[in-house]
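Undergrad: With the input below, show me the fold.
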Amino acid sequence: FAASKMGISRDSWHKRRSTGGKRAPIRKKRKFELGRPPAMTKLGTKRIHAVRTRGGNRKYRALRTDQGNFSWGSECQTRKTRILDVVYNASNNELVRTKTLVKNCIVQIDATPFRLWYEQHYGLSLLKKKSRKAAEVCIITLSFYCVVTPCFIIGCFRGARRLVIPTLKSVFFEYDFNRTSST
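TA: The predicted model follows:
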């Protein structure tokens, strides 16, 4: 076997054939087969390093971050929001303890941008209990002549037929948003 230095390599010639036979190494490691260590992004204040790649291009390696782009699948809404905590990781509990952000880890986020969108879109408040009278006033106002923005009217119609699911309310009530996160 040809002598080679230790390093991360993305080659395939060191693997066996599909039949199980060994492949003879035809060359040493090459620069284009280079692999890099994982970033192991931690939860904290933003720290991003630029990495020079093939052709003089740059990749940006996030070493620490405290925010991300998250999607609310059922509502088809995406918002940039703070990451509060790493809650669960199926691959390794050590990644939860060290608050490492990797693909498929479960994180707790600040729901404020989604809550504000929900209240603006449906005209229903998720934090405080909206009185029935306020909803009736909204519907009654639409039946008489008044000057309101189209967004307000659409929001009233959307909210008139919509009930807030109790589990959704509990998600928004779960976290105390005034608490500062310890990193």
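Undergrad: Buried residues in the strand or helix carrying residue 64, which are they?
TA: Per DSSP states H and E: residue 64 is located in strand 58-65. Across strand 58-65, burial judged by 16 or more other Cβ atoms under 10 Å covers 61, 64-65. Just so you know, the C-beta spots here come from the backbone N, C-alpha and C atoms, and that holds for glycine as well.
Undergrad: Now tell me what touches the next helix or strand after it from outside.
TA: Where DSSP H and E defines the elements, the next helix or strand beyond strand 58-65 is strand 67-72. Strand 67-72 has contacts (Cβ atoms under 8 Å, 6 or more residues apart in numbering) with 46, 77-83, 101, 107, 109, 114.
Undergrad: go again using 6 Å as the cut-off
TA: By Cβ atoms under 6 Å, 6 or more residues apart in numbering, the surrounding residues in contact with strand 67-72 are 78, 80-83, 109, 114.
Undergrad: any idea which helix or strand comes after it?
TA: strand 77-88.
Undergrad: picking up where we left off before, strand 77-88 and the strand holding residue 64, what's the angle between them?
TA: Angle, strand 58-65 to strand 77-88, by axes from the mean of the first three to the mean of the last three Cα atoms, to 10 degrees: 60 degrees.
Undergrad: Check which helices and strands strand 58-65 sits against.
TA: Other helices and strands packing on strand 58-65, by 3 or more Cβ pairs under 6 Å, 6 or more residues apart in numbering; DSSP states H and E, are strand 41-43, strand 47-52.
Undergrad: pLDDT-wise, which helix or strand of this structure ranks last?
TA: Ranked by mean pLDDT, DSSP states H and E, the weakest helix or strand in the chain is helix 132-143, scoring a mean of 42.
Undergrad: coming back round to it: how about the buried residues of strand 58-65 in TSV, adding pLDDT and distance to residue 87?
TA: Formatted as TSV, the buried residues of strand 58-65 follow (pLDDT from 0 to 100; distance: Cβ to Cβ, whole Å):
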residue	pLDDT	distance to residue 87
61	95	24
64	96	18
65	95	16
